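>>> pasting a predicted model and its sequence here:
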There are 4 protein chains.
Amino acid sequence: MKIQIYYEDTDAGGIVYHPNYLHFCDRARSDYFFQKDMLPLIDGAHFVVRKINCDFISSAKFGDMIEVTTKITKFKGSCFELLHEIYRKKELLFTANVLLVLVGNGKVKRLTKDIQDFLNSFFY
Amino acid sequence: MKIQIYYEDTDAGGIVYHPNYLHFCDRARSDYFFQKDMLPLIDGAHFVVRKINCDFISSAKFGDMIEVTTKITKFKGSCFELLHEIYRKKELLFTANVLLVLVGNGKVKRLTKDIQDFLNSFFY
Amino acid sequence: MKIQIYYEDTDAGGIVYHPNYLHFCDRARSDYFFQKDMLPLIDGAHFVVRKINCDFISSAKFGDMIEVTTKITKFKGSCFELLHEIYRKKELLFTANVLLVLVGNGKVKRLTKDIQDFLNSFFY
Amino acid sequence: MKIQIYYEDTDAGGIVYHPNYLHFCDRARSDYFFQKDMLPLIDGAHFVVRKINCDFISSAKFGDMIEVTTKITKFKGSCFELLHEIYRKKELLFTANVLLVLVGNGKVKRLTKDIQDFLNSFFY
């Protein structure tokens, strides 16, 4: 998923405001679904972020074109983990390990074999 | 209402990103209610913005403390108009005329005399 | 210019947070340049917004795909005016008349015939 | 540092958009300086975020008043670590361990004893 950096993404330091890299990861998660004309829902449950560990390696700036990759790395009980990497051409700018759950009707959803297969096929 | 300018409010131009002045006006509208331990609702109806005319006169920058003033200027059918002014000390940075309606249960609310009095007493 | 609506664009009302339509217009202005591998600069001068008059006609929501159009409508001294319209399919959601100047080295740039021609050819 | 939650902070899920908790931590870091009429600079060097590990425990919503606490927890070479906690009354909503460096003239600043003492006295 390619993302263009606009003024709104930057701050007075002249570079992307650091929490905005998490916006880009969030866009990437949604985009897998939008590209298949779906909303980012699985059996009516939506993604909820539980933990994020992220590294700010280098900075994107106004006018840059960046790319976000997304891979599923782990299932652990009702949680699953995604690894997002953000690149500008070949240069790695940012990584985030994001632990997520699926929440429907206010309850955390069990990650059945079917859902695991779906997620595995989705975030390749 | 005083507002401190943080990194998140600025862009790579080194000044406040221009749509963010509308955030500050929106905060000001909500704050009148929060200060009285209310949510910004009138008889269960919330504010919806219909039109904005705004002038960008000068710029706030990181670290500035600005102030937003809010005055009701007009009733016109089911609409009312607020004038927001944003100052840094004595210097006027921004003005916005914002035309609003109240929407409850998906319908525009009639501005009865009671509601007009309430709004007049509120945004003084 | 097509824009996908993500969670970050919405607010607790379930629809796009109203100042974000101005982000979309700003992205559109920059995108004309990015698509030609340029930065949004004219002879080293950048765009500065002086006035905006905008109408909020209907709302975009999470998952919508919208489209921003941009047309130059007027030259007036050192200012020029753009009309942005935002559509979801055929439905008009938002319009904005944006008065801009070009600022380089801290000074407003005179809009010579060459610059007018350039702008006219650009925002068609 | 107390922070009021406005519409701009929320998303269509009805709660604070998750990256915005990092905005609140960033505001808190700046606010220690603003309250002493300083900019968040140390010997001309500014804070740069290197890593963040954060836990999303519970959610703030429109109208909530939250509080951000900030403590210095570690020095490690040229880095230092802050622990931010965000509360709504007594309820812990969010924690973040943020690893930072000081950057001046494009270079990472050595954390001398004086700077360590300053930081220790600052983020108590």
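Sure thing, it's come through. Numbers count the residues shown, from 1 in each chain, chains lettered A, B, ... in the order given.
>>> not counting sequence-adjacent ones, nearest residue to the residue positioned nearest the centre of chain A?
Residue closest to the mean C-alpha point of chain A, counted by CA atoms, centre = their mean, is A:Cys25 at 3.1 Å. Spatially, and ignoring its direct neighbours in sequence, A:Cys25 is nearest to A:His84 (4.2 Å; CB to CB, 6 or more residues apart in numbering or on different chains). All C-beta atoms are positioned from the backbone trio N, CA, C, and that covers glycine.
>>> please list all residues in contact with the one you found.
By CB atoms under 8 Å, 6 or more residues apart in numbering or on different chains, A:His84 lies in contact with A:Phe24, A:Cys25, A:Ala28, A:Val68, A:Thr69, A:Thr70, A:Phe94, A:Thr95, A:Ala96, A:Val98.
>>> contacts for stretch A:46-54?
Under CB under 8 Å, 6+ apart, the answer for stretch A:46-54 is A:21-22, A:29, A:40, A:79, A:94-104, D:13, D:18, D:51-56.
>>> part of a helix, is A:Asp117?
Yes. A:Asp117 forms part of a helix when assessed by DSSP: H, G, I helix; E, B strand; the rest coil.
>>> per-residue pLDDT, it?
With respect to pLDDT, A:Asp117 has a value of 94.
>>> that older thread, residues touching the residue nearest to the centre of chain A, list them.
Counting by CB under 8 Å, 6+ apart, A:Cys25 has contacts A:Val68, A:Thr70, A:Leu82, A:His84, A:Ile86, A:Ala96, A:Val98.
>>> gap between the particular helix or strand that has it in it and the chain center?
Here A:Cys25 sits within helix A:20-34, counting by DSSP states H and E. Helix A:20-34 has its C-alpha centroid displaced from the chain centroid by 5 Å (CA atoms, centre = their mean, to the nearest Å).
>>> next: stretch A:54-63.
15 Å.
>>> could you do stretch A:41-55 as well?
8 Å.
>>> name the residues of that stretch that are buried.
A:Ile42, A:Ala45, A:His46, A:Phe47, A:Val48, A:Val49, A:Arg50, A:Lys51, A:Ile52, A:Cys54, A:Asp55 (16 or more other CB atoms under 10 Å in any protein chain shown).
>>> just the residues you listed: which are in strands?
Among the buried residues of stretch A:41-55, the members found in strands (DSSP state E) are A:Ile42, A:Ala45, A:His46, A:Phe47, A:Val48, A:Val49, A:Arg50, A:Lys51, A:Ile52, A:Cys54, A:Asp55.
>>> quick check: the two most widely separated of these?
Using CB to CB, the two most remote members of those are A:Ala45 and A:Asp55, lying 29.1 Å apart.
>>> could you list the residues of chain A in contact with chain D?
Contact residues, chain A versus chain D (CB under 8 Å from any CB of the partner chain): A:13, A:18-20, A:22-23, A:26, A:46, A:48-56.
>>> name the nearest residue to A:Leu82, ignoring sequence neighbours.
That would be A:Val98: by CB to CB, 6+ apart, it lies 4.9 Å from A:Leu82.
>>> and that neighbour, what is it in contact with?
A:Cys25, A:Val49, A:Lys51, A:Ile52, A:Glu81, A:Leu82, A:Leu83, A:His84.
>>> and if we set it to 10 Å?
A:22, A:25-26, A:29, A:47, A:49-54, A:70, A:73, A:80-84, D:18 (CB atoms under 10 Å, 6 or more residues apart in numbering or on different chains).
>>> just A:Phe122 next, same as before
Contacts of A:Phe122 (CB under 10 Å, 6+ apart): A:Arg29, A:Tyr32, A:Phe33, A:Lys36, A:Ile42, A:Thr70, A:Ile72.
>>> tell me the bridge partners for A:Leu99.
A:Lys51, A:Glu81 (DSSP bridges).
>>> got the angle for the helix holding A:Cys25 vs strand A:45-56?
Helix A:20-34 and strand A:45-56 are oriented at 140 degrees to each other (axes from the mean of the first three to the mean of the last three CA atoms, to 10 degrees).
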